[in-house]
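Asker: Test case, fold it:
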Amino acid sequence: MTLLQRLADKAVYVKDVPKQFTYDRDPKDEPYVNLALAVGAHYLVSWDNDLLDLMREETAEGKQFRERFPI
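Answerer: Have a look, this model is predicted:
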């Protein structure tokens with residue numbers, strides 16, 4: 001069985017992702033955060049600095065995000 005087939009077997013399709021989060025700093029990141037929130041993801045792996053700043057409590061955006069969506 002190939003890696004892609006194994007991934008396809010485990011994948012879950014989410015048709016309607018509710019918009020819980022808006023991010024004026026980088027609106028293109030919103031769908032990824034909203035999907036993670038919708039499925040209750042524990043992790044969102046990224047090298048994107050805008051997304052990484054959401055986990056930094058020393059930034060205003062990070063503090064707000066962590067208060068609104070605690071892990």
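Asker: Output the below-cut-off pLDDT ranges for this structure.
Answerer: Nowhere does the chain drop to pLDDT under 70.
Asker: Quick check: which element contains the residue nearest the centre of it?
Answerer: Nearest residue to the geometric centre of the chain (Cα atoms, centre = their mean): V33, 2.6 Å. In this assignment (DSSP states H and E), V33 forms part of helix 30-39.
Asker: what comes up buried for that helix?
Answerer: For helix 30-39, the neighbour count (16 or more other Cβ atoms under 10 Å) marks 30, 32-34, 36-37 as buried. All C-beta atoms are positioned from the backbone trio N, CA, C, and that covers glycine.
Asker: which residues are contacting it?
Answerer: Contact partners of helix 30-39, identified using Cβ atoms under 8 Å, 6 or more residues apart in numbering, comprise 12, 14, 17-23, 41, 44, 46, 51, 54, 69.
Asker: and of the buried residues of helix 30-39, the nearest to K63?
Answerer: V33 (15.8 Å; Cβ to Cβ).
Asker: separation between the closest one and V45?
Answerer: Distance of V33 to V45, computed by Cβ to Cβ, to the nearest Å: 13 Å.
Asker: Then K10?
Answerer: From K10 across to V45, the span is 16 Å (Cβ to Cβ).
Asker: show me the contacts for the residue lying farthest from the centre of the chain.
Answerer: Among residues of the chain, the one most distant from the C-alpha centroid is M1; the distance is 29.0 Å, by Cα atoms, centre = their mean. Neighbour list for M1: empty [criterion: Cβ under 8 Å, 6+ apart].
Asker: same thing but 10 Å
Answerer: Contacts for M1 (Cβ atoms under 10 Å, 6 or more residues apart in numbering) come out as D9.
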